[in-house]
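1. sequence and predicted structure below; questions after.
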Amino acid sequence: MSTHADRLSALRAELRTRALDGFVIPLTDEHMSEYVGDYAQRLAWLTGFQGSAGTAVVLSDAAAIFVDGRYTIQVREQVSAEHWAYVGVPQSSVARWLSQHAAPGARIGYDPWLHTSGWVAEAQAALAAHGGTLVPVPNNPVDTVWQDRPAPSPALMAVQDEAVAGQGSAAKRAQIAEWLARHQADAVVLTALDSIAWLLNVRGGDVAHTPVALAYAIVDADGTADLFVAPEKLTDAVRQHLGNAIRLHPREAFAPALARYAGKRVAADPERAVAAILSALEAGGATIIAERDPVVLAKALKNQVEIAGHRAASARDGAALARFLRWVEAEAPKGGLTELDCVAKLLEFRQATGVLRDTSFDTISATGAHGAIPHYRVDAASNAPLLPGQLYLVDSGGQYLDGTTDVTRVVPVTEPTAEHRDRFTRVLKGHIALATALFPPGTTGGQLDAFARRPLWEVGLDYAHGTGHGVGAYLSVHEGPQRIAMPSYPGGGPAEPLRAGMIISNEPGYYQAGDFGIRIENLVLVEERQTEGGAMLGFETLTFAPIERRLIDTALLSDAERGWVNAYHARVLDILGPQMDADERGWLYAKCAPL
């Protein structure tokens, strides 16, 4: 089917054959992943939307796509308004929209392997109020009409050596066994791909930019585990690494295995285990203990080896980024440079390290108005030249065996305007306020979020995304449970206290639709600080790359803020300078000169 309109028509025809009046299509997989393999890109195939979060609903006479504030502009560029209504969340929701648009008595289908039980309960209640029914379907109708749907990735699983993991799998599983004992549970079901990768010290290549393998795991109270993964992914080295304590099964054996826990107390994460899994456990006679996946917090608290690895990864990645910024500064004013040219060149600089495994997400290479789309993804159709007077924003990262990076910088193609400098400096002031924050144990990221927004709020401005997300150790670039975001903003959610050892981003921004975008992002480490009044927490900055001096209006900075920038740039020189040749160092010294 050549067009998205054809695909929508084909899906509606398939729904009619199944006596369904509608169907819900989320952007996730059976592991509730944020980033998914090509085989699970149902939303993109159906609608054309390329963002990393969204849901679609198709009815016989209407269709809607739901996105948050990060994608307000992007969804309108990529998805046809002729066939789809654009709905913002959290202002609305799928359940609320269905209650308003589904006909009385409608049968709305959903794939129970792609939704949580909480979502199912909410949607079911909304439909029931109008006599409708939410219907689980055994075979996803999108897959039926997606004739050239890719197969799941055949990539091999690999061992993540303890020398970079910092802790062996047996010790990690012992932690989970202790957690099970505290919760009086016999087993815990793990569905999150990064949780399984961290716990077993394995990695994979089944999802672009995230080194995980498609698998499920069930950990027993004695610390042994059952791993459900395609046998062809297991090399001899991986089998030897996993050892006798990990029982191996084909991935398709997972669902039947859930029926074996009759009379057992089984922990499962209601946010990460899909409705089909909880239903299978209940049908098999298990007692479900609804608790957060115990690996989530354990892997967020980085050990000293992981922290050292991240520092090393950040140092080499910062040098690659600095070389790229120097190249953009030299080439952009000549004309002819495009967003895709920049993506390719930055990848080239990272690959020159000799140890890059992948980028940590699709590089956001955005000039001019594209910079106002926070999660812009350039392609051949949208590829734009960098023009004089524009701001160019690049948000990118690398995957290395010793760490995952994520950094954003903005540069003017020629001379910035006074407005550019004002907005950039306000974002910088917010970045500094967060970087220098001291806060007591128990503080959540949501409580700190306003630190980064205040300089913008003072002139009536804001940005429609969270300020910080957790980052994994050669794992997902977006990792929970920590975040810096108020609940009302995308990226917000349940409050999680920040703890020493967590790595999180500091990335305030400002976006002027149709004109430019600004974001300054470094990764920071939560660390303990001793003060006169006792123990507190603060942030150690981990990312080092020059912050564009031409965009800083020093008149807006306090003495303390100016001192922070100068001290930060001194560290950039210390860390990046030794990696560079004489010409590169000369450029770096100029970029890092004191304000």
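-> Done, it's in.
2. from here on, just use CA atoms for contacts and neighbour counts.
-> Noted.
3. quick one: the host helix or strand of Tyr568 to chain centroid distance?
-> Under the criterion of DSSP states H and E, Tyr568 resides in helix 559-576. Here helix 559-576 is found 29 Å from its chain centre; the criterion is CA atoms, centre = their mean, to the nearest Å.
4. can you check stretch 435-453 too?
-> 21 Å.
5. pull the residues that contact that stretch.
-> 427, 429-434, 462, 466-468, 482-487, 492, 495-499, 506, 508, 524, 535-541 (CA atoms under 8 Å, 6 or more residues apart in numbering).
6. make a ChimeraX selection of the buried ones in those residues.
-> Selection of buried members from the contacts of stretch 435-453 for ChimeraX, criterion 16 or more other CA atoms under 10 Å:
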select :427,429,430,431,432,433,434,462,466,467,468,482,483,484,485,486,492,495,496,497,498,499,506,508,524,536,537,538,539,541
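7. which of the contacts of stretch 435-453 fall within strands?
-> 468, 482-484, 506, 524, 535-541 (DSSP state E).
8. for the stretch 301-450 of the chain, which segments count as helices?
-> Assigned helices in the stretch 301-450 of the chain, in chain order: 304-331, 339-351, 418-435, 445-457 (criterion: DSSP state H, counting those that start in this stretch).
9. try the stretch 151-300 of the chain
-> Under DSSP H, counting those that start in this stretch, the stretch 151-300 of the chain gives helices at 162-165, 169-182, 193-200, 236-242, 254-257, 275-283, 294-300.
10. residues in contact with the third one?
-> This means helix 193-200. By CA under 8 Å, 6+ apart, helix 193-200 touches 31, 33, 169, 172-173, 190, 202-203, 212-217, 242, 295-296, 299, 475-476.
11. hmm, 6 Å instead?
-> With CA atoms under 6 Å, 6 or more residues apart in numbering as the contact definition, helix 193-200 has outside contacts at 169, 203, 212, 295.
12. the last one now?
-> Residues from elsewhere that reach helix 294-300 (CA under 6 Å, 6+ apart): 195, 502.
13. run the chain-centre distance for that helix.
-> 16 Å.
14. what do you get for the longest one?
-> Distance of helix 169-182 from its chain centroid, counting by CA atoms, centre = their mean, is 27 Å.
15. and it, which residues are buried?
-> Neighbour-count burial for helix 169-182 [16+ other CA under 10 Å]: 169-170, 172-173, 175-177, 179-180.
16. name the nearest residue to Thr133, ignoring sequence neighbours.
-> With CA to CA, 6 or more residues apart in numbering as the criterion, Thr133 has its nearest non-adjacent residue at 4.9 Å, and that residue is Arg107.
17. how close does that neighbour get to Arg96?
-> In this view, Arg107 and Arg96 are 16 Å apart by CA to CA, to the nearest Å.
18. list the contacts for Gln338?
-> Actually, residue 338 is Thr. It isn't Gln. Taking CA under 6 Å, 6+ apart as the definition, contacts of Thr338 comprise 384-386.
19. change it to 8 Å
-> 383-386.
20. want to throw the residues you listed into JSON lines with pLDDT?
-> JSON lines is the format used below for the contacts of Thr338 (pLDDT from 0 to 100):
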{"residue": "Asn383", "pLDDT": "97"}
{"residue": "Ala384", "pLDDT": "98"}
{"residue": "Pro385", "pLDDT": "98"}
{"residue": "Leu386", "pLDDT": "98"}
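21. for those, which entry has the maximal number of neighbours?
-> Compared across these, Leu386 has the highest neighbour count, 26 neighbours, by other CA atoms under 10 Å.
22. who's in contact with that one?
-> The contact partners of Leu386, by CA under 8 Å, 6+ apart, come to 332, 335-339, 367-368, 392, 413.
23. and Leu401, by the same measure?
-> Applying CA under 8 Å, 6+ apart, the residues near Leu401 are 160, 164, 355, 357, 474.
24. what residues are up against the second one?
-> Just to be clear, that refers to Val164. Counted by CA under 8 Å, 6+ apart, Val164 has contacts 305-306, 309, 401-402.
25. how far away is Ala123 from Gly109?
-> Ala123 is 11 Å from Gly109, by CA to CA.
26. looking at the two, which one has more neighbours?
-> Gly109 (25 against 22).
27. hang on, that one is in a strand, isn't it?
-> Yes - remark: Gly109 belongs to a strand, assigned using DSSP: H, G, I helix; E, B strand; the rest coil.
28. most neighbours among the contacts of helix 193-200, which one?
-> Val212 (27 neighbours).
29. what does that residue show for phi and psi?
-> phi -130, psi 160 (degrees, to the nearest 10).
30. between Ala123 and Gly109, what contacts are shared?
-> If you check Ala123 and Gly109 against CA under 8 Å, 6+ apart, the residues they both contact are Leu134.
31. pull the most distant pair out of the ones in strands among the contacts of stretch 435-453.
-> Spatial extent of the ones in strands among the contacts of stretch 435-453 (CA to CA) is set by the pair Gly468 and Ala535 at 23.2 Å.
32. could you pull out the strands in the stretch 101-250 of the chain for me?
-> 107-110, 133-136, 158-159, 187-190, 202-203, 216-220, 225-228, 246-249 (DSSP state E, counting those that start in this stretch).
33. Ile277 is nearest to which of those strands?
-> Comparing those by CA to CA, strand 187-190 comes nearest, at 9.1 Å.
34. could I get the average pLDDT for that closest one?
-> Averaged across strand 187-190, pLDDT comes to 98.
35. given that strand, what are its sheet partners and their directions?
-> If you go by DSSP bridges, strand 187-190 pairs up with strand 216-220 (antiparallel), strand 265-268 (parallel).
36. can you show me the CA trace of the last one as CSV?
-> If I follow you right, that is strand 265-268. The C-alpha trace of strand 265-268 is given here as CSV (Å, rounded to 0.1, in the frame of the first residue of the first chain):
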residue,chain,number,x,y,z
ARG,A,265,3.0,-15.0,44.8
VAL,A,266,4.4,-13.4,41.7
ALA,A,267,5.5,-9.7,41.5
ALA,A,268,4.9,-7.8,38.3
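37. so how far is that strand from its chain's centroid?
-> Distance of strand 265-268 from the chain centroid (CA atoms, centre = their mean) equals 27 Å.
38. and it, what's buried?
-> For strand 265-268, a neighbour-count test (16+ other CA under 10 Å) marks 265-268 as buried.
39. tell me the one among those nearest to Asp148.
-> Ala268 (34.1 Å).
40. pull the residues that contact stretch 506-520.
-> Under CA under 8 Å, 6+ apart, the answer for stretch 506-520 is 367-374, 390-391, 393, 407-410, 423-424, 427-428, 430-431, 434-435, 452-453, 461-463, 466-469, 521-524.
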